[in-house]
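Chemist: pasting the sequence and the predicted model now:
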Amino acid sequence: MKILGIGNAIVDVVCKVDDNFITQNDLTKSTMKLIFDENEFKKLLTNLKIEKTVSGGSVANSIVGLSGLGNKVGFIGKVSDDDLGSKYEDGLKKENVEYFYSKKKEELPTGTCLILVTPDSERTMCTFLGTAGKINENDVDVNAVKNSEITFLEGYLWDEGDPKKAFDKAINNANKVAMSLSDQFCVDRHKPHFLDLVKNKLDITFANEQEITSLIDAKSFNEVLNFSKQLGKLIVLTRGENGATAIKGDEIVECGIQKNLKIVDLTGAGDLFAAGFLHGHVNNLSTKESLEKGTEMSSKVIQQIGARL
């Protein structure tokens, strides 16, 4: 297998609402809110018509993107044996992703992200992690990890307690480890841990400019470049309008953005960039070609609604 992803298994439930619904439920348009109370989440869903249900999650989005490019891939993420859990599993299978997890009835239901689409096409998200955030070392299939060229992890998993053991088990058995820092909030919360991972355990680190700057407390991008060069490992950075940069030792490769795009929705831009880059990396493309493939995938997904192509 080329790449195995381990991440939050979240079902995206898409519903169309008007602006009044956003206001009445004290939501901030175009943001994501974590909901910790299952009853609060169910209350939001009441009387809403579900337009679409799609298997989601950051690394899962990347893995599906990699599958679409013809790579043999797999995924580990925790769901419960409920209706949404079955839909999640079926969604991955339809995308030719091997799912290395045997679902069973859990104390918490399958994680869900309620995506509320208003008439102006803006998306407001409410996420209930459910059992997704309870992945532990017993959920990691060691054979799947050992039989993969790269194991790809997401920083979001560090927002819960148990998954740290799952991380360690995966890293200790992996041939090569890639990780996305995921979110500046994650970086700020887990800075010492993430810095240790980047320095000592990861072979490939994906981050945007804000995340890497926060991680090393850099005052400028030159500091980021110096840190990355001294590290000697592959650091792949997305920089918004400044394109993307890959650094390994003294090698610095840059790629510009595609211009004049009709941007509809930025959800999944980083996930699909990582998919494109990893596709190039495992298929022996040059670093420049891998960056270009990542940029191409990212450019496609932001011109549509949703994080899957």
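Modeler: Ah, there it is.

Chemist: got a pLDDT number for the spatially most central residue of the chain?
Modeler: Centroid check for the chain by Cα atoms, centre = their mean gives Ser58 as the closest residue, at 2.0 Å. Per-residue confidence at Ser58 stands at 89 (pLDDT).

Chemist: numbering from 43 from now on, please.
Modeler: Renumbered: residue one is now 43, and that last one reads Ser100.

Chemist: list the contacts of it.
Modeler: By Cβ atoms under 8 Å, 6 or more residues apart in numbering, the residues touching Ser100 are Gly49, Asn50, Glu196, Tyr198, Ser222, Ser224, Gly312, Asp313. No exception for glycine: its C-beta is placed from N, CA and C like everyone else's.

Chemist: report the two of these separated the most.
Modeler: Farthest-apart pair in the contacts of Ser100 is Asn50 and Gly312; separation 14.5 Å (Cβ to Cβ).

Chemist: stretch 88-108: end-to-end distance?
Modeler: Start-to-end span of stretch 88-108 (Cα to Cα, to the nearest Å) is 35 Å.

Chemist: buried ones in it, by neighbour count?
Modeler: 95-108 (16 or more other Cβ atoms under 10 Å).

Chemist: just the ones of those residues in strands?
Modeler: Residues of the buried residues of stretch 88-108 located in strands (DSSP state E): Thr95, Val96, Ser97, Gly98.

Chemist: what about the nearest residue in space to the second one that is not next to it in sequence, how many residues nearby?
Modeler: Looking back up the chat, that one is Val96. Among residues not flanking Val96 along the chain, Asp54 sits closest, at 4.6 Å (Cβ to Cβ, 6 or more residues apart in numbering). Neighbours of Asp54 under the rule other Cβ atoms under 10 Å: 23.

Chemist: go on, the one 10 residues further on?
Modeler: Summarising burial for Ile64: neighbours were counted as other Cβ under 10 Å, giving 17.

Chemist: my read is that it contacts Met167, right?
Modeler: No: under the criterion of Cβ atoms under 8 Å, Ile64 makes no contact with Met167, lying 11.4 Å away.

Chemist: got any residues that touch both of the two?
Modeler: Going by Cβ under 8 Å, 6+ apart, residues that sit against Ile64 and also against Met167 are Leu158.

Chemist: which secondary structure elements does the helix or strand hosting Phe315 contact?
Modeler: Taking DSSP states H and E as the definition, Phe315 sits inside helix 311-324. Counting contacts by 3 or more Cβ pairs under 8 Å, 6 or more residues apart in numbering; DSSP states H and E, helix 311-324 is packed against helix 100-110, strand 192-196, strand 219-222, strand 246-250, strand 276-280, helix 329-343.
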